[in-house]
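>>> next come a sequence and a model predicted from it.
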Amino acid sequence: MPELSPIELGFLGSLAAGLMTSVGALPVLFGRRPSRSMRDTSLGFAAGVMLAASFFSLIIPALDAAELRLGAGAWPALIVCISILLGMGAVALMNELLPHEHFKTGREGPEAASLRRIWLFIVAITIHNFPEGLAVGVGFGAEGVESGLPLAIGIGLQNAPEGLAVAVALLGENYSRRRSFGIAALTGLVEPLGGILGAAVITISQPLLPWGLAFAAGAMLYVISHEIIPETHRSGHQNHATAGLAVGLVVMLFLDVYLAA
């Protein structure tokens, strides 16, 4: 059996992670709707996983890659800092320019009023999910399975509660159970696109490795701060959300160390 290229690994890894969104949404097909506190706890877990992945699987390797190329000093740190800010800025720009709708805060972006609501939801989740696929692809492009597998598993773990949250929110907007599940499942399929892009860029140009790793981290950090954490605190379940975040962070830390050993 031929060995898979980093781009193929990036696609398959991000596809598997994206499909976990549909796994998380499965309960809505069977009439089970978790409590708000349980959803906030699970989203807190997702935020913890993403936070740990950003630092341990992306930012630290980015610093190592930059130091390997440029030596110790201020330049590696400066490159990573700039790349993180660029990643956060890129997602913020998409969030500003693309019409989309959040489940509670309403429509945002130009031309939002003219688009059907279902498409606004899909665009919103696409903005959210694309950086996750990008991170997985960059991981596989950087060092193959060793770097990409922990990220793919971590992103998959946090996609499950996100898929459930999206499906439940759609149920609350009077979508049918099947339609809610279908939309939630489809939103995860944007991640392979990010996976291919991330793996291809890093594979083609190794000097871009530290930039790509830190850029992906910045994109995920923006999503954590702008979307996930505010959502988990909106209903007054801060303690549940914080406990979920703590568990998600240490689980991802363990997986990253264990799988890289």
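It's in.

>>> so where does the closest residue to residue 240 other than its chain neighbours fall, helix or strand?
Closest residue in space to residue 240, ignoring its immediate chain neighbours: residue 41 at 4.3 Å, by Cβ to Cβ, 6 or more residues apart in numbering. The C-beta positions use only the backbone N, C-alpha and C, and glycine is treated the same way. Element membership for residue 41, per DSSP states H and E: helix 36-52.

>>> okay, buried residues for that helix please.
Buried residues in helix 36-52, counted by 16 or more other Cβ atoms under 10 Å: 39-52.

>>> so the residue nearest to residue 240 touches residue 241, yeah?
Yes. Between residue 41 and residue 241 a contact is recorded at 6.4 Å, counting by Cβ atoms under 8 Å.

>>> before we move on, the earlier item: need the buried residues of helix 36-52 in CSV (columns: pLDDT).
CSV is the format used below for these (pLDDT from 0 to 100):
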residue, pLDDT
39, 78
40, 83
41, 87
42, 82
43, 82
44, 87
45, 87
46, 83
47, 86
48, 89
49, 86
50, 84
51, 89
52, 88
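
>>> any chance you could map the strands in the stretch 101-250 of the chain?
Taking DSSP state E, counting those that start in this stretch as the criterion, the stretch 101-250 of the chain carries its strands at 106-108.

>>> all helices of it, in order?
Using DSSP state H, counting those that start in this stretch, the helices found in the stretch 101-250 of the chain span residues 117-143, 145-172, 177-187, 191-204, 209-223, 229-233, 238-260.

>>> for residue 85, which of the ones you listed is the nearest?
Nearest of the helices of the stretch 101-250 of the chain to residue 85, taken as Cβ to Cβ: helix 209-223 at 6.3 Å.

>>> helices or strands up against the closest one?
Packing partners of helix 209-223 (3 or more Cβ pairs under 8 Å, 6 or more residues apart in numbering; DSSP states H and E): helix 36-52, helix 60-70, helix 74-97, helix 117-143, helix 191-204.

>>> hmm, try it at 7 Å
Using 3 or more Cβ pairs under 7 Å, 6 or more residues apart in numbering; DSSP states H and E as the contact test, the elements touching helix 209-223 are helix 60-70, helix 74-97, helix 117-143, helix 191-204.

>>> mean confidence (pLDDT) on the third one, please.
Okay, so that is helix 117-143. The average pLDDT within helix 117-143 is 73.

>>> quick check, nearest of the buried residues of helix 36-52 to residue 189?
residue 46 (18.0 Å).

>>> which residues of the stretch 1-150 of the chain score low on pLDDT?
Along the stretch 1-150 of the chain, segments meeting pLDDT under 70 span 1-2, 32-33, 98-126, 128.

>>> ok, back up a step: dump the helices and strands packed on helix 209-223 into TSV; add mean neighbour count and distance to residue 20 as well.
Converted to TSV, the helices and strands packed on helix 209-223 look like this (neighbours: other Cβ atoms under 10 Å; distance: least, Cβ to Cβ, whole Å):
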stretch	mean neighbour count	distance to residue 20
helix 60-70	18	23
helix 74-97	17	21
helix 117-143	25	11
helix 191-204	24	9
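
>>> out of those helices, nearest to residue 233?
Nearest to residue 233, of the helices and strands packed on helix 209-223 and by Cβ to Cβ, is helix 117-143 at 17.1 Å.
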